[in-house]
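Participant: sequence and predicted structure below; questions after.
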Amino acid sequence: MDHETTQTQTVTMEIGLLIGDLDQLEDVAAWGYDYAEISPGLLGVDEDAGTAEQKALEQIQASPVPVTAMCGFLARSKVVGPEVDHTRVRDYVIRLFDAMQQVGVPVIGYGSGGSRFVPDGFSRDRALEQVGDFLRMCADLGEPRGVQVALEPYNYDDANLINTILEGVEVVQAVNRPTIQLMADFFHMRLNGESFDTLAAAGPHLIHAHIAEPGRGHPQTTPAEHAAYLRVLCEAGYYGRVTQTGELPAYSSPAEAAATLKRFAREGGEKK
């Protein structure tokens, strides 16, 4: 006699760590993180990086944890203002997306507040159009390469355009391309004094998230705040990656941070 067994599978988000050197991949695994996040420079795509691509590929392929996200999209180029070098930007994005496809990194966050800083006297509406044009170009180049871009709202001190989650939602909806979506960042939301409740509207568009201690003279954040952030992400329907991009002094070590954040993520998903 056959019996049907119904299994309930708990879906939980992954917790990763941003690293500044591929030699840290062993540490990421030892501390208990699920994946590593890197910057474009580690793939050898910066203009002065030479031919580091093959070495990076070999290190990533040999890594005990996957490298599944990137940030620090545009460190040297601008996409807003009266003097945008479109050819330079496009050539760089092609090199970057080709490298991401080669090593199998599917998503990159677009924060890069300086690249979208609106100069004095320049039209903010025009600036938003320029950001939209840049993101559509990224969609054209990213879709055939399997690369997604997650627009990251920045705090008011580091950018003067697209600062809040709701502003990010508006831009993503206006661009209206499946590979151009949104990310949330505890760091920027806390610096802005932005309520986690705004993540509810972002849920359908979220494909990445960050968490780190804001600092800058603000009181140290607590495990309860970290738990609340991860819980609200779960409530918004997001079960993807959350990268720790800087220290969280509430925990005594990276291993404790990884274990605690993973527990909060699991509990947040269970309570949904």
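Facilitator: Done, it's in. Residues are numbered from 1 along each chain as shown.
Participant: from now on I want contacts and neighbour counts done on CA atoms only, so please keep to that.
Facilitator: Noted.
Participant: can you give me the helices for the chain?
Facilitator: 25-31, 53-61, 86-103, 124-142, 165-175, 186-192, 199-202, 223-235, 254-271 (DSSP state H).
Participant: what mean pLDDT does the fourth one get?
Facilitator: So that's helix 124-142. Averaging pLDDT along helix 124-142 yields 98.
Participant: quick one: list the elements packing against that helix.
Facilitator: Contact partners of helix 124-142 among helices and strands, from 3 or more C-alpha pairs under 8 Å, 6 or more residues apart in numbering; DSSP states H and E: helix 86-103, strand 148-151, helix 165-175, strand 180-185.
Participant: the ones you listed: which one's closest to residue 231?
Facilitator: strand 180-185 (13.1 Å; C-alpha to C-alpha).
Participant: gap between that closest one and the chain center?
Facilitator: 7 Å (C-alpha atoms, centre = their mean, to the nearest Å).
Participant: returning to that earlier point: quick one: closest of the helices and strands packed on helix 124-142 to residue 128.
Facilitator: helix 165-175 (8.0 Å).
Participant: give me the pLDDT for residue 70.
Facilitator: 97.
Participant: that one - nearest residue in space that isn't next to it in sequence?
Facilitator: Excluding the flanking residues, the one nearest residue 70 by C-alpha to C-alpha, 6 or more residues apart in numbering is residue 108, at 4.5 Å.
Participant: ok, now which ones touch that neighbour?
Facilitator: 69, 70, 71, 73, 147, 148, 149, 150 (C-alpha atoms under 8 Å, 6 or more residues apart in numbering).
Participant: wait, which of those is closest to residue 245?
Facilitator: residue 71 (9.6 Å).
Participant: burial measure for the nearest residue to the closest one once chain neighbours are set aside, as a count.
Facilitator: Nearest residue to residue 71, sequence neighbours excluded (C-alpha to C-alpha, 6+ apart): residue 109, at 4.8 Å. Neighbours of residue 109 under the rule other C-alpha atoms under 10 Å: 26.
Participant: for residue 109, list each beta-bridge partner.
Facilitator: residue 150 (DSSP bridges).
Participant: with residue 210 instead?
Facilitator: residue 185, residue 243.
Participant: just to revisit the earlier point, turn the contacts of residue 108 into a markdown table, including distance to residue 197.
Facilitator: A markdown table is the format used below for these (distance: C-alpha to C-alpha, whole Å):
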| residue | distance to residue 197 |
| --- | --- |
| 69 | 25 |
| 70 | 26 |
| 71 | 25 |
| 73 | 27 |
| 147 | 29 |
| 148 | 25 |
| 149 | 23 |
| 150 | 20 |
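Participant: which residue is nearest the middle of this protein?
Facilitator: Centroid-nearest residue in the chain, with C-alpha atoms, centre = their mean: residue 109, separated by 4.0 Å.
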